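Peer 1: Build me a model:
(chains A and B)
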Amino acid sequence: MSSTTALIVTGRKHARRPAGYRRSIGVLGDIALGALMVVALFPILWFTYTSFRHESDIISNPTSFIPAGFTMENFVATWNDTGFPKLLWNSLITSGLTVIVSLTFATFAAYALSRAKFRGRGVVQITYLAVRIVPGTLLMFPLYMLIQQAGILDTHVALAITYTTFTLPAAVWFMKGFFDAIPPDLENAARVDGCTRLGAMFRIVLPLVRPGLAASGILIAIEAWNDILFALLLTSSDASRTWPVGLRLLIGEFQLPWGQLAAATVLSILPVVIAFAIAGRAMISGLTAGGLKD
Amino acid sequence: MAMSIDRRGFLGLAGIAGASLFLAGCVGQAAPAPSAPGASLGPAAADATGNISYWNHFTGEDERRGFEAVTKGFAEAYPGLKLKEESIPNADFMTKFTTAAQAGSLPDSVMVHANRVQDMVGMNGLVDLSSAMDSWSGASDIEEKLLTPFRRDGALYAIPCTMFVDWFYYRADWLEELGYSEPPKTWQEFREVAKAMTSGDRYGVALRGGAGGGEPVIKMIRGYNGPLTDADGAPTLDLEATKTALDEYSALYLVDKSAPPSAPADGYNQIFQSFLNGQTGMLMHHTGSLKSVTDVLKTGEQVLTAPMPTTPVDTTGWLQPMGNGIASPDNASSAVSWVEYWGSSDPQVELFSATGYFPSATSGQQSPTIAEDPIMSAANEQVKVGVTPEYFNGMTAWQDNSVLVQFQSLLVGETTLDQAAQAIVDDFNKNF
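Peer 2: Okay, the predicted model is just below:
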């Protein structure tokens, strides 16, 4: 037998590959992962780098890896001259409101779908899914008319209601998976001891689905944080405008301030990065644990 | 048999009833169409009070600065009228306008691009300003050719507040190196100078074959075809003229090699990047981009401007006015004051100082701020001979989906000149 290609035959059903082969596969895998990481991280690193460059340097040497100096002028201009802090604050408020509204309704709806047996339960579940398939642009007109008739155009509430429309269905399905994984016997035991159904839900079930709540909350917040279509449509002043609109408004008809755009983008992703740093672990455990049933 | 209903059933019925009432209240009545133009629209008195809601697409630092100067002047002229303006990015403007038109919640006044008039009027989104124009003292300060793009079926839907005058930028230092005493005037001279400028890493002209490149092609086509309408106003496009235009324009890339290899894919950013960082020596655009160029290149030493080259038939340079119209007749009197104010020369010169956007009012064009600026002389020359383009319904789609696509295919060798020209003319005849 050839020494380089011989299989080491053991008593086990599957033959083991030689250590060298496994090591090679491991290295190739690491290289592939590294390449994917570079592809994923490069845009973020590039616009962060761009945000610290002089505008004239960006225009004259757009693809240079060696800048003609670093500057904070883009951040200063974005922060002081464009009202961006207010827009970031609006985004925080809007996303926060959306998370509260959407998560609350989703939790109750998912619990009901998981525990209650009622006629039309399947239809309700499918309807939640069907709504999710409808593209946002098709809902532009009806949502605008509803919001306008309700007299709440250009408010945080208008955006929160709109975002809830899109985030609620996914959150319901997501949370239902978590509730399905909790045995009903736990609540039944609590109810035998005198707990009401709602009491059992709050005292027994919700603590157990905390990872799911965290994951849902963050996914809802990200979707609300990044929306531009409805933010443009439903807001008209800095009273409620969000950061994606602000970013868009930095671009003139014939002006493209790359440095300021990059700085504004860095400022916009900072809250998301911080939130993920705080709650990321809970989110990942929520995303990965939701489908498992013991 | 008595009907019995339990608690759950009662709650279900109550929920359905409540939801129905809510929806009925929310749907309400259909949005009323703006009233047809009727009595004479005159401006408000100088001591009038009230609010004017106004939508514009001035974004970016320079435009905002210029716009603030205009609104400041309006506030001084009409201290009782408060302008509540909203800036909407240009690319999203029609989305919001269309949605608001459907919901019956248009603002009092809107900024109007000439190529959007058809769509806006079709949505009942603009009011006829003919009577306002007839009674306005500033009307004589605006050339009729600048009003034509805002006219449809005899009605006038906007008053110009600024305009973009086509010209081309050129590297004055490169021209001097080559021994030219003046920039090219005709299309053949333009090609010669572009060829002369091309050597090593340098190319003579930044050719826009990518996104947005359809309009320059149409300008060339019109330059050889003449007006895109006949004497009766019917759309007309000649095949031979189209072929000649495509041949001449693509020759920059295919024959003379005086455009960069990336030209078939170059959009706005790429052509400006190439001009500003010294890769190309000439760039065809308009007065709207003046500030972005002179912020980087030194006027006189490095960059100057010249009127667009002419063909044996016509100029290739357009005048594209932008105006303000009235979208809702409810507050027309106040809105007319705003529209007419910005239609006059003083605020337009203020806007020019901040943005380089050329005044549409004749007296504004002749103001010392502009007349004494050497780089603006090209614009003044172009205004004398420049044409305002014809706009048809669906023009943008023809421009992007037919003209640009055929031009790109020609540049990369996927089609022949005859085929490209035939496809463009066929699509023109089919659509218009």
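Peer 1: For A:W46, grab the count of nearby residues.
Peer 2: As a burial measure, the neighbour count of A:W46 was computed by other Cβ atoms under 10 Å in any protein chain shown and equals 13. C-beta coordinates here come from the backbone N, C-alpha and C atoms, glycine included.
Peer 1: Check B:T416 too.
Peer 2: The burial metric for B:T416, expressed as a neighbour count using other Cβ under 10 Å, is 11.
Peer 1: Next: B:A306.
Peer 2: Quick note: B:A306 (other Cβ under 10 Å) scores 20 neighbours.
Peer 1: now it, which residues is it bridged with?
Peer 2: The partner list for B:A306 in beta bridges (DSSP bridges) reads B:F168.
Peer 1: So the closest residue to chain A within the stretch 251-400 of chain B versus B:K384, what's the distance?
Peer 2: Here the residue of the stretch 251-400 of chain B nearest chain A is B:S289; by Cβ to the nearest Cβ that distance is 4.3 Å. Note on B:S289: its distance to B:K384, by Cβ to Cβ, to the nearest Å, is 21 Å.
Peer 1: between these two, which one's more packed in?
Peer 2: Under the criterion of other Cβ under 10 Å, the comparison of B:S289 against B:K384 puts B:S289 first, with 21 against 8.
Peer 1: how about the nearest residue to that one, chain neighbours excluded?
Peer 2: Leaving out its chain neighbours, the residue that sits closest to B:S289 by Cβ to Cβ, 6 or more residues apart in numbering or on different chains is A:F254, at 4.3 Å.
Peer 1: Surely B:Q273 touches A:I59?
Peer 2: Yes: contact status for B:Q273 versus A:I59: in contact at 7.0 Å, counting by Cβ atoms under 8 Å.
Peer 1: Near chain B, which residues of the stretch 151-294 of chain A? Just list them.
Peer 2: If contacts are counted using Cβ under 8 Å from any Cβ of the partner chain, the residues of the stretch 151-294 of chain A sitting beside chain B are A:153, A:232-233, A:236-237, A:248-257.
Peer 1: Can you go through those and name the buried ones?
Peer 2: Listed as buried from these are A:153, A:232-233, A:236, A:248-257; burial here means 16 or more other Cβ atoms under 10 Å in any protein chain shown.
Peer 1: Dump these into JSON lines; add distance to B:P149, secondary structure and pLDDT as well.
Peer 2: Supplementary listing: those in JSON lines, determined by distance: Cβ to Cβ, whole Å; DSSP: H, G, I helix; E, B strand; the rest coil; pLDDT from 0 to 100:
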{"residue": "A:L153", "distance to B:P149": "32", "secondary structure": "coil", "pLDDT": "94"}
{"residue": "A:L232", "distance to B:P149": "27", "secondary structure": "helix", "pLDDT": "93"}
{"residue": "A:L233", "distance to B:P149": "28", "secondary structure": "helix", "pLDDT": "94"}
{"residue": "A:S236", "distance to B:P149": "28", "secondary structure": "coil", "pLDDT": "91"}
{"residue": "A:R248", "distance to B:P149": "27", "secondary structure": "helix", "pLDDT": "90"}
{"residue": "A:L249", "distance to B:P149": "27", "secondary structure": "helix", "pLDDT": "90"}
{"residue": "A:L250", "distance to B:P149": "29", "secondary structure": "coil", "pLDDT": "89"}
{"residue": "A:I251", "distance to B:P149": "25", "secondary structure": "coil", "pLDDT": "88"}
{"residue": "A:G252", "distance to B:P149": "22", "secondary structure": "coil", "pLDDT": "83"}
{"residue": "A:E253", "distance to B:P149": "17", "secondary structure": "coil", "pLDDT": "79"}
{"residue": "A:F254", "distance to B:P149": "20", "secondary structure": "coil", "pLDDT": "80"}
{"residue": "A:Q255", "distance to B:P149": "24", "secondary structure": "coil", "pLDDT": "80"}
{"residue": "A:L256", "distance to B:P149": "27", "secondary structure": "coil", "pLDDT": "83"}
{"residue": "A:P257", "distance to B:P149": "30", "secondary structure": "coil", "pLDDT": "89"}
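Peer 1: out of these, which one sits closest to chain B?
Peer 2: Proximity of those to chain B was ranked by Cβ to the nearest Cβ; the top entry is A:G252 with 1.9 Å.
Peer 1: Could you give the number of residues near A:P85?
Peer 2: Burial of A:P85 is recorded as 14 neighbouring residues (other Cβ under 10 Å).
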